[in-house]
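Asks: Sequence first, then the predicted structure, then my questions.
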Amino acid sequence: MKYTSRLEKDTRIFTRAWFPEIAQEEHMKFKNQRMLISPLLLTLLVVVFGVSAADVLGQKKCGNTGQTVKFTIQNNTSKPLEIKVVNDDCKEVSGRLLKAGDKAGGSSFVGVMFRAYEFPTGKLISEIKLNAAQSIYKITKPKPTVSLPTIAPKDGFLKETNLIRAKKNLDPMMLDAKLTDACQWFAELMAEVDKGYPVHNASELGMKKLYKERNKASQRLVYYGWGKKNKAHYEVTALDTVQDPNLIGNHFARLWALSKTHYKPFMDKDRTKYNRVGFGFAKAKRGTNRYYACAIFGKIKQFEG
């Protein structure tokens, strides 16, 4: 094939090296069509001859600016990636396979877009648009999406707790905002430090000096406005894996109520019969679907409906 310029020759050599399918496609275009202008040739016309793209093929949807840049694409994932290029017609052209840890590159135009697909699943991992300010493009595996619950965990916790109590013919609990605030703060603190096991005091997390007024559960209740006259309380904490974020509250209610050590406030087996409860949770800093949870039971002497 004859080249109209050195720029076209360099571009086509790069194209064949990275994307042999493009070379074959354009060879067939030149062979079978008299006046067909390829996306790369269109760019060449704009760069070398100053011909407007709109004058040649109408408004160009995708493609390059005409400014050449050197680039390197590096696969920093643990799986092979299929790298595809998007041509001026916004169509993907099959490219090459880039093994995990490998890198490849060359010269192309600012504005040219590449897409990286996980092989063989075909899942889109990354989209790269070449720019003049960057030469190395590292493709990393995207962080897993954190599923957010559509059902408030505190509501799920209260519902599950009262279902368990109803089976024992016990009065329903009521959710208390101040108890919940105290629990939520401590659950978040446990999750932030992430010792790998639940605790009851901030001092066990190395935070006593920082949170003197919130070290123990009784102090946290006062701090968040729970009346001093309602001194009786019962706190339970836990760390567990929950696959469905919509069942976080339900999960921990069952975990505690059906255990041999934390069931008392759920079943009215403690010396105090509680009528209020608060619940808090937080995702652990490490791992997947690991949650710290806290529940505090309290009693208001004058039961308010």
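Replies: Alright, I've got the coordinates.

Asks: quick one: secondary structure of the closest residue to K231 other than its chain neighbours?
Replies: Leaving aside its sequence neighbours, K231 sits nearest to S218 (CB to CB, 6 or more residues apart in numbering; 7.4 Å). To be clear about C-beta, it is placed using only N, CA and C from the backbone, and glycine gets the same treatment. At S218, secondary structure determined by DSSP: H, G, I helix; E, B strand; the rest coil is helix.

Asks: So what's the residue count around S218?
Replies: 15 (other CB atoms under 10 Å).

Asks: ok, now which ones touch the closest residue to R276 other than its chain neighbours?
Replies: Computed as CB to CB, 6+ apart, the closest residue to R276 that is not its neighbour in sequence is D176, at 4.2 Å. Listed by CB atoms under 8 Å, 6 or more residues apart in numbering, the contact set of D176 reads W226, R276, V277, G278, G298.

Asks: Ok, E235 next?
Replies: With contact set as CB under 8 Å, 6+ apart, E235 has these partners: H200, A217, C294, A295, I296, F297.

Asks: Identify all contacting residues around stretch 218-233.
Replies: Outside stretch 218-233, the residues touching it (CB under 8 Å, 6+ apart) are 176, 178-179, 181-182, 185-186, 213-214, 217, 272, 274, 296-301.

Asks: can you give me how far it is from the chain middle?
Replies: 37 Å (CA atoms, centre = their mean, to the nearest Å).

Asks: and it, how far apart are its ends?
Replies: 8 Å (CA to CA, to the nearest Å).

Asks: Stretch 220-232 too?
Replies: 13 Å.

Asks: Quick check: buried residues in it?
Replies: R220, L221, Y223, Y224, W226, N230 (16 or more other CB atoms under 10 Å).

Asks: Show me what the mean pLDDT comes to for it.
Replies: Across stretch 220-232, pLDDT averages out at 83.

Asks: what do you get for stretch 199-207?
Replies: Here stretch 199-207 scores 93 as its mean pLDDT.

Asks: Which residues does it contact?
Replies: Residues contacting stretch 199-207 (CB under 8 Å, 6+ apart): 186, 189-190, 193, 195, 208, 210-211, 214-217, 235, 237.

Asks: which among those gets closest to A104?
Replies: Distance ranking of the contacts of stretch 199-207 against A104, using CB to CB, places V193 first at 43.0 Å.

Asks: Please name the residues that touch that closest one.
Replies: Counted by CB under 8 Å, 6+ apart, V193 has contacts L205, G206, M207, K285.

Asks: what about the nearest residue in space to the last one that is not next to it in sequence, how many neighbours?
Replies: Distances taken as CB to CB, 6+ apart place D194 nearest to K285, at 4.1 Å, with adjacent residues excluded. As a burial measure, D194 scores 17 neighbours (other CB under 10 Å).

Asks: Might you report the residue contacts of D194?
Replies: A284, K285, R286, Y292.

Asks: what do you get for G196?
Replies: Taking CB under 8 Å, 6+ apart as the definition, contacts of G196 comprise L239.

Asks: Name the SS class of it, please.
Replies: coil.

Asks: List every C-alpha atom in the lengthiest helix in the chain, with coordinates, as CSV.
Replies: For the chain, the longest helix by residue count, based on DSSP state H, is helix 177-193. C-alpha atoms of helix 177-193 as CSV (Å, rounded to 0.1, in the frame of the first residue of the first chain):
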residue,chain,number,x,y,z
ALA,A,177,-33.2,8.3,68.9
LYS,A,178,-30.8,9.1,71.8
LEU,A,179,-29.9,5.4,72.3
THR,A,180,-29.5,5.0,68.6
ASP,A,181,-27.1,8.0,68.4
ALA,A,182,-25.0,6.5,71.2
CYS,A,183,-24.9,3.2,69.4
GLN,A,184,-24.2,4.6,66.0
TRP,A,185,-21.2,6.6,67.2
PHE,A,186,-19.7,3.6,68.9
ALA,A,187,-20.3,1.2,66.0
GLU,A,188,-18.5,3.7,63.7
LEU,A,189,-15.6,3.9,66.1
MET,A,190,-15.2,0.1,66.3
ALA,A,191,-15.4,0.0,62.5
GLU,A,192,-12.8,2.7,62.0
VAL,A,193,-10.2,1.0,64.3
